[in-house]
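Engineer: sequence-free structure coming up:
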């Protein structure tokens, strides 16, 4: 009898110990196809976590938009269908308009991690969506307008958009419509190639990198400077899942995320320089706004986005309480 009791005690202790040291698994999806540079950046983060987290925590990537539609992914992680999503904040901007602080930012994740900006964004994610904002990846890359035909300018040097079939999306529509006065055609990233091919659109906003990955350079011949905005790509985690992880798992995920914020800034700036050189070697022409027209263009990109953020925040619980603080943390007015 004593032996049976002892055996049962040892077996139970073994089970408890095994449970205590069970490896955490975090399921993940990404918004864009694997071929895009941004997805490659996220997958490199996954590799780093899985290396650092052997025996403790592993990220299991379930796929991209073919697994869960890119615009459904934020709801999926909030609802616990998947544990982690790498996506632009603009894909859930209706629920969290504060993401526009990152869109209009002229800082990177490095500075905003240090000054408390990302901590505030994390807090807002937890309060409004039940999500942990793990990190702002691939920051420091801005957007350009890219066109098929040579752009025209008025007598004051302002960009003329009349007649332009401009592809838009949630990131830049406030700027395109409210300042440029453009009529935009909203299309998801995956449909832009065929839209360019068929002449449905002949211009688009896009980041400084990735045009070659998407093969849009087959149709687009001009890059308009200056660039504007910042990417708002981040990793969000279901809050219940985050809280269920071991302390060690959370530490590994957060530490690797913070390091990847730094690494991705440097890597993607190098990639930008490579892409620009390759595009220009293939015949891409660069045209620039100058003087007051340039200053007004940049100011409008920033201010129309802030106006959108403020108006949507005003309609939500909590109102605009964080508005001024967000601008302070995510924008350096002295940089202009």
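Structural biologist: Now that the structure is in, tell me what you want to look at. Just so we're clear, the structure is a prediction, and the values are computed from it rather than from any experiment.
Engineer: Please count neighbours and contacts with C-alpha atoms only from this point.
Structural biologist: OK.
Engineer: distance between the ends of stretch 155-162?
Structural biologist: Distance between the two ends of stretch 155-162: 15 Å, counting by Cα to Cα, to the nearest Å.
Engineer: domains of this protein?
Structural biologist: The chain breaks down into these domains under the TED database: 24-140+232-270, 142-230+284-330.
Engineer: Include distance to residue 277 and mean pLDDT when you put these into a markdown table, please.
Structural biologist: Rendered in a markdown table, the data for the domains of the chain read as follows (distance: least, Cα to Cα, whole Å; pLDDT from 0 to 100):
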| stretch | distance to residue 277 | mean pLDDT |
| --- | --- | --- |
| domain 24-140+232-270 | 11 | 97 |
| domain 142-230+284-330 | 9 | 92 |
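Engineer: Nearest approach to residue 278 belongs to which of those domains?
Structural biologist: domain 142-230+284-330 (8.8 Å; Cα to Cα).
Engineer: now that closest one, how far from the chain's geometric center?
Structural biologist: Centroid displacement of domain 142-230+284-330 relative to its chain, using Cα atoms, centre = their mean, to the nearest Å, is 16 Å.
Engineer: Do me a favour and get the end-to-end distance for it?
Structural biologist: Domain 142-230+284-330: ends 14 Å apart by Cα to Cα.
Engineer: cool, stretch 111-121 as well?
Structural biologist: Terminal-residue distance, stretch 111-121 (Cα to Cα): 14 Å.
Engineer: what do you get for stretch 59-78?
Structural biologist: 17 Å.
Engineer: Name the residues of it that are buried.
Structural biologist: Under the neighbour-count criterion of 16 or more other Cα atoms under 10 Å, stretch 59-78 has 59, 61, 63-65, 68, 70-71, 73-74, 76-78 buried.
Engineer: With stretch 30-48 instead?
Structural biologist: Buried residues in stretch 30-48, counted by 16+ other Cα under 10 Å: 30-34, 37-39, 41-43, 45-46, 48.
Engineer: Can you classify residue 68 by secondary structure?
Structural biologist: Secondary structure, DSSP: H, G, I helix; E, B strand; the rest coil: residue 68 is coil.
Engineer: Let me see the contact set for the closest residue to residue 150 other than its chain neighbours.
Structural biologist: Spatial nearest neighbour of residue 150, excluding adjacent residues (Cα to Cα, 6 or more residues apart in numbering): residue 222 at 6.4 Å. The neighbours of residue 222, taking Cα atoms under 8 Å, 6 or more residues apart in numbering as the test, are 146-151, 284-287.
Engineer: closest one to residue 276 among the domains of the chain?
Structural biologist: Of all the domains of the chain, domain 142-230+284-330 sits nearest to residue 276, with 7.9 Å by Cα to Cα.
Engineer: if we can go back for a sec, for the residue nearest to residue 150, give me the backbone phi and psi.
Structural biologist: phi -130, psi 140 (degrees, to the nearest 10).
Engineer: And it, how close does it get to residue 111?
Structural biologist: From residue 222 to residue 111 the distance is 32 Å (Cα to Cα).
Engineer: So which elements touch the host helix or strand of residue 74?
Structural biologist: Assigned by DSSP states H and E, residue 74 falls within helix 73-78. For helix 73-78, the elements it packs on are strand 84-88, strand 233-238, judged by 3 or more Cα pairs under 8 Å, 6 or more residues apart in numbering; DSSP states H and E.
Engineer: Which residues are in contact with the residue lying closest to residue 112 once chain neighbours are set aside?
Structural biologist: Sequence neighbours aside, residue 118 is the residue nearest to residue 112 in space, at 5.8 Å (criterion: Cα to Cα, 6+ apart). Counting by Cα under 8 Å, 6+ apart, residue 118 touches 109, 112, 135-136.
Engineer: Which residue, neighbours along the chain excluded, lies closest to the spatially most central residue of the chain?
Structural biologist: Central residue of the chain (Cα atoms, centre = their mean): residue 233, 1.2 Å from the mean position. What sits nearest to residue 233 in space, not counting adjacent residues and going by Cα to Cα, 6+ apart, is residue 88, at 4.1 Å.
Engineer: Widest-spaced pair of the buried residues of stretch 59-78?
Structural biologist: 59 and 71 (21.4 Å).
Engineer: which residues of this structure fall in strands?
Structural biologist: 24-30, 57-63, 84-88, 131-136, 143-147, 152-153, 159-160, 166-168, 184-186, 203-207, 222-228, 233-238, 285-288 (DSSP state E).
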